[in-house]
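Engineer: how would this look folded up:
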Amino acid sequence: MEKYYVFSYNIIIVFSFPGPTLVNRYLLNYIYNVYQTRMSSIIFIGTSHPYRGGLAAFNERLAMEIQTWGHSVRIETFTLQYPGILFPGETQYSDGPAPEDIEIKRSVNSIWPINWISVARRIRREKPDTVILRYWLPFMAPCLGTIARIIKKNGHTRIISLLDNIIPHEKRPGDAFLTRYFVKNVDGFIAMSRSVLSELDLFNTDKPRIYSPHPVFDNFGETISRDAALDKLRLDPSYRYILFFGLIRDYKGLDIMINAFAHKKLRNIKVRLLVVGEFYVSRAPYDELIKKHKLEKEISVYPHFVPNKDVAKWFCASDIIAQPYKSATQSGITQIGYHFNKPMLVTNVGGLSEIIPHGKGGYVVNTDPGEVAEALIDFFSNDRYDDFVRGIKSEKDKYRWDKMVKNLFLLDDSIKK
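Structural biologist: Sure thing, here's the model as predicted:
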């Protein structure tokens with residue numbers, strides 16, 4: 001028996017339903033729509049198709065979930081997100097089709113102030129009930145902050161920011177100044193980790209805010225069998241596999257992972273490390289470290305961006321997902337791991353330890369190669385895979401998309417008051 005809460009302005013109605021969770025979710029959404037006085041109009045300003053990556057996948061998935069609650073949603077994405085000279089990867093663009101049933105409008109140029117004014121004035125005239133701004137980098141503060149400031153002048157639209165980071169992983173001069181400008185023009189905030197919620201106090205202490213963790217990333221297809229995944233990737237099924245996945249930056253600790261993998265006891269286990277993702281930093285130091293430890297045969301590097309349709313293969317082929325980050329807030333990789341029911345190893349930085357229960361769904365360790373190695377040795381030597389999978393499955397319900405939407409409207413309601 002599950003309890004569901006329906007919010008209709010100042011009314012809270014509690015329902016308890018037996019039966020499958022999926023049926024309950026649709027019933028909840030139906031009841032929510034019945035009790036809403038009117039449908040809300042929402043504009044989401046952030047990365048979306050034709051751009052690729054986790055930000056786009058998240059924004060599109062959240063927009064879809066909001067629509068199931070009976071609201072009107074449009075994503076306003078970029079005509080230019082990053083100037084080519086500032087983008088470290090191969091391409092910013094997806095080669096896949098646009099998501100169905102989501103209205104996406106390319107309108108925002110991140111570096112052109114005349115564009116910001118034009119976009120903001122158009123949205124100000126439109127008078128949506130709520131504008132959601134995705135904030136992940138101080139570089140975006142002048143653009144998004146200016147758009148927010150102009151829209152708010154209509155006296156109707158509420159501005160909510162969905163915060164990935166408030167303090168960036170890779171700091172630069174002027175970051176605090178830019179973020180302060182952005183925060184000044186926002187009405188309320190959703191933080192996806194408690195560490196970000198706490199850091200927000202450095203810039204503002206009185207505006208409404210709410211913690212709502214990153215939901216399970218269920219955008220990447222269904223689980224396939226380990227054997228099928230290994231066959232598709234042409235990996236030897238006699239080995240166990242550790243997966244280090246995602247865009248590679250210095251703060252993600254690939255050097256920690258390589259040094260950990262060099263541990264003598266770990267090398268005595270029939271296990272290999274898969275490093276899968278495009279390098280946003282120089283690859284050379286990591287190749288040198290692999291060579292130094294003579295791990296060329298034990299570590300396989302696939303240095304390319306993985307399109308959504310191929311993500312399942314890598315996760316389903318792997319036994320454990322490793323995230324030995326040096327700094328972090330929350331991580332989409334963790335929530336992909338949850339989707340595919342994979343044990344995870346994370347470091348005790350930022351919000352990662354909030355998401356993985358140590359000893360139940362994986363390990364939380366310090367940023368020390370020795371500790372990372374000992375955890376992995378324990379995992380393989382004591383065959384903890386099945387126990388940790390059960391632990392991951394038991395935690396997944398905390399990270400449903402409808403819970404984030406509920407929190408969004410709780411925050412929105414508190415701003416209206």
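
Engineer: for the host helix or strand of Lys403, name the packing helices and strands.
Structural biologist: In this structure, Lys403 sits in helix 401-416 according to DSSP states H and E. Other helices and strands packing on helix 401-416, by 3 or more C-beta pairs under 8 Å, 6 or more residues apart in numbering; DSSP states H and E, are strand 2-8, helix 21-35, helix 54-68, strand 158-163, strand 188-191, strand 209-211. C-beta here means a position set from N, CA and C on the backbone, and glycine is covered the same way.

Engineer: buried ones in the fourth one?
Structural biologist: This means strand 158-163. Arg158, Ile159, Ile160, Ser161, Leu162, Leu163 (16 or more other C-beta atoms under 10 Å).

Engineer: most distant residue from the middle of the protein?
Structural biologist: Going by C-alpha atoms, centre = their mean, the residue of the chain most distant from its centre is Asn268, 34.8 Å out.

Engineer: any idea how far Leu376 is from that one?
Structural biologist: 12 Å (C-beta to C-beta, to the nearest Å).

Engineer: how about Gly332?
Structural biologist: Note on Gly332: its distance to Leu376, by C-beta to C-beta, is 22 Å.

Engineer: neighbour count winner among these two?
Structural biologist: When Gly332 and Leu376 are compared for neighbours, Leu376 comes out ahead with 27 against 19, by other C-beta atoms under 10 Å.

Engineer: and that one, that's in a helix?
Structural biologist: Yes. Assigned with DSSP: H, G, I helix; E, B strand; the rest coil, Leu376 falls within a helix.

Engineer: where does the stretch 51-200 of the chain have low pLDDT?
Structural biologist: 86-87, 89 (pLDDT under 70).

Engineer: nearest to Lys403, of the buried residues of strand 158-163?
Structural biologist: Leu162 (14.2 Å; C-beta to C-beta).

Engineer: pretty sure the closest one is in contact with Val196, am I right?
Structural biologist: No. Contact status for Leu162 versus Val196: not in contact, 10.5 Å apart, counting by C-beta atoms under 8 Å.

Engineer: how about stretch 111-123: buried residues?
Structural biologist: For stretch 111-123, by 16+ other C-beta under 10 Å, it's Asn115, Trp116, Ser118, Val119, Ala120, Ile123.

Engineer: and what of stretch 263-278?
Structural biologist: His263, Leu266, Val271, Arg272, Leu273, Leu274, Val275, Val276, Gly277, Glu278.

Engineer: just the closest of the residues you listed to Ser225, please.
Structural biologist: Leu274 (17.5 Å).

Engineer: excluding chain neighbours, what is closest to the closest one?
Structural biologist: Leu243 (5.0 Å; C-beta to C-beta, 6 or more residues apart in numbering).

Engineer: what do you get for Ala57?
Structural biologist: Excluding the flanking residues, the one nearest Ala57 by C-beta to C-beta, 6+ apart is Asn219, at 4.9 Å.
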